[in-house]
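Peer 1: Please work out how this folds:
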Amino acid sequence: MLRHLRLIPIFVRVSFQNDAAYRADFILHSVLALLQLAAELIGVWIIFSNTTSIAGWTAWQVLTLMGVFRMMSGIIGLVIAPNMRLIMEDIRSGSLDFVLLKPVNAQFYASIRQVVLWRGADVVAGLILIGVAGFKLGTGVAAGAAAGFVLMLAAGATIIYSIWLILATLAFWLTRIANIEMVFWNVFEAGRYPVDIYHPRLRWALTYVIPLAFLTTYPAATLLGKSAPSILLVAWGAATAALVAATWFFRFGLRRYSGASA
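Peer 2: Prediction:
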């Protein structure tokens, strides 16, 4: 395990060196991320210029949720999405051989080998939004709430990683599934606002069928003290089940991989 963890700084350093070769591209993407955030803030301002709350969430509470949404979006774009794209391309081209020949766990290596560093701007922006919203709310964050928030965020990241891994593994049977990514991002946009605003049936689907609530709403609600402690247990139960299922499915797909030389 320690050998695997020591690889992470190496992957980050290599990714930084690659990005440093195209500095203008790195800066441009970071600026675009900030412009997108500005557009989202304008949308929230328009909504709350006509109302004081939506589904029991005030403006600053929604801003906290938006910060969580931006953080989760950054985490997905930072490490999850780029590596899942590489897995799909490697399966299609047969270059997954080079992953399987490495003397480390194939799933770990395939899932962490590339880091898109400019997406870290989303994570930082999300943290700033959460900090500003917390200051405006004027309520301190208890240590338990902060720890619950971190654990809930980790559970959400585990769930979304597992979903992406399952989608990427489908490439063992389907030639091209890149369009599924666009469907995911469109659905993910629904997490920008609390799931409480949706119809009860849709809310249930966004919680237990497409677990979007565990990615954004519940982490924010935990930080704000708006969720029951049992939600954390449910989230980690779902995260554990999703990770086990995704790992099994990936290994099942590997048994059907014939390689570039076949």
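
Peer 1: Can you give me the buried ones in the helix or strand encompassing P82?
Peer 2: Applying DSSP states H and E as the criterion places P82 in helix 81-93. Buried residues in helix 81-93, counted by 16 or more other Cβ atoms under 10 Å: A81, P82, N83, M84, L86, I87, M88, D90, I91, R92. C-beta coordinates here come from the backbone N, C-alpha and C atoms, glycine included.

Peer 1: ok, now stretch 245-252?
Peer 2: Buried residues in stretch 245-252, defined by neighbour count with 16+ other Cβ under 10 Å: A246, F249, F250.

Peer 1: Find the residue closest to the last one in space, skipping its chain neighbours.
Peer 2: Read that as F250. Computed as Cβ to Cβ, 6 or more residues apart in numbering, the closest residue to F250 that is not its neighbour in sequence is T169, at 5.0 Å.

Peer 1: just checking, that neighbour touches T247?
Peer 2: No. In this structure T169 lies outside contact range of T247 using Cβ atoms under 8 Å: 9.9 Å.

Peer 1: Can you check the pLDDT for the residue nearest to F250?
Peer 2: The model reports T169 with a pLDDT of 91.

Peer 1: Which strands or helices does the one helix or strand it maps to pack on?
Peer 2: For T169, the host element (DSSP H and E) is helix 143-169. Packing partners of helix 143-169 (3 or more Cβ pairs under 8 Å, 6 or more residues apart in numbering; DSSP states H and E): helix 59-75, helix 81-93, helix 106-112, helix 179-188, helix 217-224, helix 230-254.

Peer 1: What average pLDDT does the shortest one get?
Peer 2: In this case it means helix 106-112. Across helix 106-112, pLDDT averages out at 91.

Peer 1: just checking, what packs against the next helix or strand after it?
Peer 2: Sequence-wise, the next helix or strand downstream of helix 106-112 (DSSP H and E) is helix 120-137. For helix 120-137, the packing partners by 3+ Cβ pairs under 8 Å, 6+ apart come out as helix 23-48, helix 59-75.
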